[in-house]
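**Student:** Model the structure of this input:
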Amino acid sequence: MNLKNIYTCFPGGRYKVLTMSYDDGREEDRRLADIFNHNGIKATFHLNSGLCYEDNDDRRLRPSEWKQVYEGHEVSCHTMLHPALARCPIEQAALQILEDRRVLEEQVGYPVRGMSYPYGSYSNDIVNLLPKLGMEYSRVVGNTDSFEMPENYLLWKSTCHHNHNLLENGNRFLELDRPQLLHMMYVWGHSYEFPRDNNWDLMERFCQLMSGKKDIWYATNIQIVDYMNAAKNLKFTIHADKVYNPSAQSVWIQADNEIVEVPGGQTINLG
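**Tutor:** Purely as a prediction, here's the structure:
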């Protein structure tokens, strides 16, 4: 038997991905999204739709602004009212998520399929509930300082908060030269922290540092989940001389030393 080494790649044959994750939908998201857009960085913004109306004085973006401000990025759930979910009755936790999803979808015009846990609070029951509510991932709090892909997207921990070794981790990520593995840098935070800490320049420097790299895929949270699911669904022959992609989107693989695009719905011969 002539075995091949078959590796999953990110789009274009890349082996690194960068994604950003920001909570609460505050007015400072406008400036943050502008910084991302200027540098070609993709982000996911997790919103509390029940806290964004005129009688609320904490300077959140209004629903009518979401579609424009977050265009090109992803809008994601953060519950209606930002409770600590592990303390809530399970039925109320479900409503917090479903109602938030409903309002967000009405404004942005696409299915909302992910979230982050308010305060990082969750339980096993809540984690098990999420797929039944249409949630395909959820971010926890904390920092790994690593670039590993998550084992469970419903317990997705970031590489770092932007106030935790951001530039150091960014430089380590750029220097990584291990194409036999997939690597992800995931940054989280809240945009209101930048004026509070007087460090907008930190995010501007980071995005300039990371921008335009040929070996990095810039993606939202749900784009990563969708792509990895599509890659998982590739169908190979025993001899690995053919591969069928039942998904709609293309998936890239490395077959021995050759980078191969497998378009959606097609069967491709491998060498």
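**Student:** pLDDT wise, what is the residue nearest to the spatial centre of the chain at?
**Tutor:** The structure's the chain has its C-alpha centroid closest to residue 221; by CA atoms, centre = their mean the separation is 1.4 Å. On the pLDDT scale, residue 221 is placed at 98.
**Student:** doesn't residue 19 make contact with it?
**Tutor:** Yes. The pair residue 221 and residue 19 passes the contact test of CB atoms under 8 Å, sitting 5.8 Å apart. (C-beta placed from N, C-alpha, C; glycine too.)
**Student:** okay, and the common contacts of the two?
**Tutor:** Taking CB atoms under 8 Å, 6 or more residues apart in numbering as the contact definition, residue 221 and residue 19 share the neighbouring residues residue 44.
**Student:** Three-state assignment for the closest residue to the residue nearest to the centre of the chain other than its chain neighbours, please.
**Tutor:** Take residue 221 and drop its neighbours on the chain: the residue closest to it by CB to CB, 6 or more residues apart in numbering is residue 44, 4.1 Å away. Classification of residue 44 into helix, strand or coil gives strand, according to DSSP: H, G, I helix; E, B strand; the rest coil.
**Student:** in the sheet, who's paired with residue 44?
**Tutor:** Partner residues in beta bridges with residue 44, using DSSP bridges, are residue 21, residue 74.
**Student:** ok, it to residue 260 distance?
**Tutor:** Between residue 44 and residue 260 the computed distance is 29 Å (CB to CB, to the nearest Å).
**Student:** If you count surrounding residues, which of these two has more?
**Tutor:** Neighbours per residue, other CB atoms under 10 Å: of residue 44 and residue 260, the larger number sits with residue 44, 27 against 18.
**Student:** so the more buried one touches residue 74, yeah?
**Tutor:** Yes. Taking CB under 8 Å as the contact criterion, residue 44 and residue 74 are neighbours in contact, 4.3 Å apart.
**Student:** residues in contact with residue 73?
**Tutor:** For residue 73, the contact set (CB under 8 Å, 6+ apart) comprises 33, 36, 42, 43, 44, 45, 220.
**Student:** Just the pLDDT at the first one, thanks.
**Tutor:** If I follow you right, that is residue 33. Residue 33 is assigned 98 on the pLDDT scale.
**Student:** contacting residues for it?
**Tutor:** Residues touching residue 33, when contacts are defined by CB under 8 Å, 6+ apart, comprise 43, 45, 69, 70, 73.
**Student:** The fifth one too?
**Tutor:** Going by CB under 8 Å, 6+ apart, residue 44 touches 19, 20, 21, 22, 73, 74, 75, 76, 114, 220, 221, 222.
**Student:** Now tell me what touches the biggest helix by length in the chain from outside.
**Tutor:** Counting residues, the longest helix in the chain under DSSP state H turns out to be helix 90-108. The list of residues contacting helix 90-108 from outside it, by CB under 8 Å, 6+ apart, reads 47-50, 63-64, 66-67, 70, 75-81, 83, 85, 88, 111-112, 115, 125-126, 129-130, 133-135.
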